[in-house]
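> Quick check, what structure comes out for this input:
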Amino acid sequence: MGVAGHVALTIASALVAAQVPDVCTGLASDIAPDMRILESDLDKPAASRAAAWLGERIERGELDGEFEYGVANGLKVIHGHALRQQALAERSRHGAESPEGRSASAAFCRWLAQDGFWYD
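Residues are numbered from 1 along each chain as shown. Model (predicted):
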C-alpha cells in the first residue's frame, strides 16, 4: 500500500472513530420508512445548513407557498438536532443509564418516533 493508501485509511479510520453512536437504537415507529427522519439526518452540518437556509427564507419573506414544506423540514432538522444533542450531553455528563440520560434520550426518541417525518 502506498502513501496515498495509508492516508486514505487513516482518514477513514478517523471518520469512523468520530461518529457518534445512535441514541435511539431499535426504535419502533409507525412512520413510513421513506418518510422517516433518521438520526444521521440530524447532525451538526445538517442543522447548520438548515439554519442558514431558513435565515435566507426569512430575509426574503419566503416562508410559505412553494417553500412551506422546506421551511417545516428545516425546523424539524434544527429541533431534532437540538433534542439529540441534549440527549448526548446528558448521557455524557451523567451516564446513559442515569435518570438525566434516560429522560433526555426518551424525549429525543419519542420525538423521532412520533414527529420525525419529512413533509412532502
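
> buried set for stretch 35-50?
37, 39, 41, 42, 43, 46, 47, 50 (16 or more other C-beta atoms under 10 Å). No exception for glycine: its C-beta is placed from N, CA and C like everyone else's.

> can you check stretch 99-107 too?
Those would be 100, 101, 102, 104, 105, for stretch 99-107 by 16+ other C-beta under 10 Å.

> Give me the subset of these lying in helices.
Mapping these onto helices (DSSP state H) picks out 100, 101, 102, 104, 105.

> in terms of contact, does the second one touch residue 88 like I think?
Right, the one you point to is residue 101. No. Using C-beta atoms under 8 Å, residue 101 is not in contact with residue 88; the gap is 9.3 Å.

> Backbone dihedrals for residue 36, please?
Here the main-chain torsion angles of residue 36 (degrees, to the nearest 10) amount to phi -70, psi 140.

> Tell me which residues touch it, please.
Going by C-beta atoms under 8 Å, 6 or more residues apart in numbering, residue 36 touches 29, 116, 117, 118.

> any idea how far it is from residue 92?
Counting by C-beta to C-beta, to the nearest Å, the gap from residue 36 to residue 92 is 26 Å.

> now for the lengthiest helix in the chain, which elements pack on it?
Ranked by residue count, the top helix of the chain under DSSP H comes out as helix 68-94. On a contact count with 3 or more C-beta pairs under 8 Å, 6 or more residues apart in numbering; DSSP states H and E, helix 68-94 meets helix 44-60, helix 99-115.

> Just the angle for it relative to helix 44-60, thanks.
Put simply, helix 68-94 runs at 140 degrees to helix 44-60, going by axes from the mean of the first three to the mean of the last three C-alpha atoms, to 10 degrees.
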